[in-house]
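1. Kindly generate the corresponding structure for this input.
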Amino acid sequence: MWFQRFKKKRVKAGVLLYALLMAAVFSLLLQFYLHRQVAERRILKSSEDRLRAYALVQLAMGQETKEEKTADIHLKSGTVHLKWDAGFLYAKAEIHQESYDFVLPVSEEKESKKEKKEKKEKKEKKSKKEKAMPDLPSEESSSEEKKQADNSEND
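-> Numbering: from 1, shown residues only. Next up is the predicted model:
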(Lines give C-alpha, C1' and ligand atoms only; values in the text may rest on other atoms or scores of the structure.)
Protein backbone atom coordinates (compact mmCIF):
# COMPACT_ATOMS: atom_id res chain seq x y z
CA MET A 1 0.00 0.00 0.00
CA TRP A 2 2.68 2.44 0.84
CA PHE A 3 4.41 1.68 -2.48
CA GLN A 4 1.31 2.79 -4.43
CA ARG A 5 1.50 6.26 -2.85
CA PHE A 6 5.23 6.40 -3.65
CA LYS A 7 4.53 5.45 -7.30
CA LYS A 8 1.92 8.25 -7.62
CA LYS A 9 4.42 10.78 -6.28
CA ARG A 10 7.01 9.67 -8.83
CA VAL A 11 4.50 10.08 -11.66
CA LYS A 12 3.53 13.55 -10.47
CA ALA A 13 7.19 14.53 -10.30
CA GLY A 14 7.81 13.27 -13.85
CA VAL A 15 4.87 15.24 -15.22
CA LEU A 16 6.10 18.31 -13.38
CA LEU A 17 9.64 17.93 -14.79
CA TYR A 18 8.22 17.45 -18.31
CA ALA A 19 6.08 20.59 -17.98
CA LEU A 20 9.08 22.59 -16.74
CA LEU A 21 11.20 21.34 -19.64
CA MET A 22 8.54 22.27 -22.21
CA ALA A 23 8.10 25.70 -20.61
CA ALA A 24 11.86 26.31 -20.78
CA VAL A 25 12.03 25.29 -24.46
CA PHE A 26 9.03 27.45 -25.31
CA SER A 27 10.55 30.36 -23.39
CA LEU A 28 13.84 30.08 -25.31
CA LEU A 29 12.05 29.94 -28.66
CA LEU A 30 9.87 32.91 -27.76
CA GLN A 31 12.90 34.90 -26.59
CA PHE A 32 14.74 34.14 -29.86
CA TYR A 33 11.72 35.18 -31.92
CA LEU A 34 11.23 38.44 -29.99
CA HIS A 35 14.91 39.39 -30.31
CA ARG A 36 14.71 38.78 -34.07
CA GLN A 37 11.61 40.97 -34.35
CA VAL A 38 13.27 43.79 -32.39
CA ALA A 39 16.39 43.58 -34.56
CA GLU A 40 14.30 43.72 -37.77
CA ARG A 41 12.45 46.78 -36.46
CA ARG A 42 15.75 48.53 -35.69
CA ILE A 43 17.07 47.77 -39.17
CA LEU A 44 13.85 49.04 -40.74
CA LYS A 45 13.95 52.23 -38.66
CA SER A 46 17.59 52.98 -39.55
CA SER A 47 16.89 52.31 -43.22
CA GLU A 48 13.89 54.64 -43.12
CA ASP A 49 15.95 57.40 -41.45
CA ARG A 50 18.72 57.03 -44.04
CA LEU A 51 16.19 57.25 -46.86
CA ARG A 52 14.72 60.39 -45.30
CA ALA A 53 18.19 61.92 -45.04
CA TYR A 54 18.87 61.14 -48.71
CA ALA A 55 15.55 62.76 -49.66
CA LEU A 56 16.54 65.87 -47.69
CA VAL A 57 19.85 66.03 -49.56
CA GLN A 58 18.06 65.72 -52.91
CA LEU A 59 15.65 68.47 -51.87
CA ALA A 60 18.53 70.67 -50.73
CA MET A 61 20.33 70.12 -54.05
CA GLY A 62 17.29 71.58 -55.80
CA GLN A 63 17.48 74.71 -53.65
CA GLU A 64 21.25 75.13 -53.78
CA THR A 65 23.26 77.84 -55.49
CA LYS A 66 26.50 76.73 -57.11
CA GLU A 67 28.22 80.08 -56.77
CA GLU A 68 29.11 79.14 -53.20
CA LYS A 69 31.39 76.26 -52.31
CA THR A 70 29.48 75.42 -49.12
CA ALA A 71 25.89 75.84 -48.03
CA ASP A 72 23.82 75.13 -44.93
CA ILE A 73 20.15 74.56 -45.60
CA HIS A 74 17.71 74.34 -42.71
CA LEU A 75 14.57 72.36 -43.44
CA LYS A 76 11.65 71.38 -41.25
CA SER A 77 12.87 67.79 -40.90
CA GLY A 78 16.53 68.58 -40.36
CA THR A 79 19.64 70.40 -41.50
CA VAL A 80 21.72 69.73 -44.60
CA HIS A 81 25.34 70.86 -45.03
CA LEU A 82 26.51 70.88 -48.66
CA LYS A 83 30.07 71.21 -49.96
CA TRP A 84 31.07 71.13 -53.64
CA ASP A 85 34.54 69.91 -54.55
CA ALA A 86 35.94 68.73 -57.91
CA GLY A 87 32.76 67.38 -59.46
CA PHE A 88 31.45 65.84 -56.24
CA LEU A 89 28.93 67.00 -53.70
CA TYR A 90 29.67 66.14 -50.08
CA ALA A 91 26.43 66.29 -48.11
CA LYS A 92 25.80 65.80 -44.42
CA ALA A 93 22.18 65.52 -43.30
CA GLU A 94 21.29 65.78 -39.62
CA ILE A 95 17.98 64.32 -38.49
CA HIS A 96 17.00 63.72 -34.85
CA GLN A 97 20.59 64.26 -33.59
CA GLU A 98 21.91 61.65 -36.04
CA SER A 99 24.01 62.55 -39.05
CA TYR A 100 24.22 60.83 -42.42
CA ASP A 101 27.03 61.49 -44.92
CA PHE A 102 26.63 61.22 -48.69
CA VAL A 103 29.05 61.74 -51.59
CA LEU A 104 27.24 62.39 -54.87
CA PRO A 105 28.66 63.07 -58.34
CA VAL A 106 27.62 66.42 -59.78
CA SER A 107 27.56 67.16 -63.50
CA GLU A 108 28.84 70.55 -64.51
CA GLU A 109 25.87 72.01 -66.38
CA LYS A 110 27.22 75.52 -66.63
CA GLU A 111 30.14 75.70 -69.00
CA SER A 112 31.86 78.92 -69.68
CA LYS A 113 31.03 80.71 -72.95
CA LYS A 114 34.60 80.32 -74.13
CA GLU A 115 34.47 76.54 -73.85
CA LYS A 116 31.22 76.44 -75.81
CA LYS A 117 32.67 78.62 -78.56
CA GLU A 118 35.81 76.47 -78.78
CA LYS A 119 33.75 73.30 -79.12
CA LYS A 120 31.60 74.88 -81.79
CA GLU A 121 34.65 76.05 -83.76
CA LYS A 122 36.20 72.58 -83.60
CA LYS A 123 33.02 71.02 -84.97
CA GLU A 124 32.92 73.55 -87.81
CA LYS A 125 36.57 72.87 -88.71
CA LYS A 126 35.94 69.13 -88.79
CA SER A 127 32.90 69.52 -91.00
CA LYS A 128 34.84 71.82 -93.40
CA LYS A 129 37.67 69.29 -93.65
CA GLU A 130 35.23 66.50 -94.39
CA LYS A 131 33.57 68.57 -97.12
CA ALA A 132 36.89 69.58 -98.68
CA MET A 133 38.30 66.05 -98.78
CA PRO A 134 35.47 63.62 -99.41
CA ASP A 135 36.49 59.97 -99.24
CA LEU A 136 35.41 58.19 -102.41
CA PRO A 137 34.69 54.55 -101.81
CA SER A 138 36.65 52.14 -103.97
CA GLU A 139 35.09 49.37 -106.05
CA GLU A 140 35.98 46.75 -103.47
CA SER A 141 34.47 48.57 -100.55
CA SER A 142 31.25 49.32 -102.43
CA SER A 143 30.78 45.65 -103.34
CA GLU A 144 31.47 44.68 -99.72
CA GLU A 145 28.88 47.21 -98.57
CA LYS A 146 26.33 45.72 -101.00
CA LYS A 147 27.00 42.21 -99.64
CA GLN A 148 26.61 43.44 -96.07
CA ALA A 149 23.38 45.23 -96.95
CA ASP A 150 22.03 42.07 -98.62
CA ASN A 151 22.96 40.00 -95.55
CA SER A 152 21.28 42.43 -93.21
CA GLU A 153 18.09 42.36 -95.30
CA ASN A 154 18.07 38.56 -95.17
CA ASP A 155 18.33 38.60 -91.38
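2. tell me the contacts of E68?
-> Neighbouring residues of E68 by CB atoms under 8 Å, 6 or more residues apart in numbering: there are none. Where you see a C-beta, it was placed from the backbone N, CA and C, and this is true even at glycine.
3. now it: how far from L82?
-> Distance, E68 to L82, by CB to CB, to the nearest Å: 9 Å.
4. One more: A53?
-> Separation of A53 from L82 (CB to CB): 13 Å.
5. where does this structure have its least confident helix or strand?
-> Least confident helix or strand of the chain, by mean pLDDT, DSSP states H and E, is helix 139-154 with a mean of 54.
6. what mean pLDDT does the lengthiest helix in the chain have?
-> For the chain, the longest helix by residue count, based on DSSP state H, is helix 2-63. Mean pLDDT, computed over helix 2-63, is 87.
7. just stretch 84-92 next, same as before
-> Mean pLDDT, stretch 84-92: 87.
8. Same question for that stretch: list its buried residues.
-> 84, 89, 91-92 (16 or more other CB atoms under 10 Å).
9. Could you dump those residues into JSON lines with distance to S99 added?
-> Shown next, in JSON lines, are the buried residues of stretch 84-92 (distance: CB to CB, whole Å):
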{"residue": "W84", "distance to S99": "19"}
{"residue": "L89", "distance to S99": "16"}
{"residue": "A91", "distance to S99": "10"}
{"residue": "K92", "distance to S99": "6"}
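10. Select from the residues you listed every entry located in helices.
-> Secondary structure defined by DSSP H assigns none of the buried residues of stretch 84-92 to helices.
11. In strands, which of the residues you listed appear?
-> Judged by DSSP state E, the buried residues of stretch 84-92 include 84, 89, 91-92 as members of strands.
12. State the pair within those that is farthest apart.
-> Maximum pairwise distance among these (CB to CB): 13.1 Å, between W84 and K92.
13. surely E98 meets R52?
-> No. Judged on CB atoms under 8 Å, E98 makes no contact with R52 at a distance of 10.4 Å.
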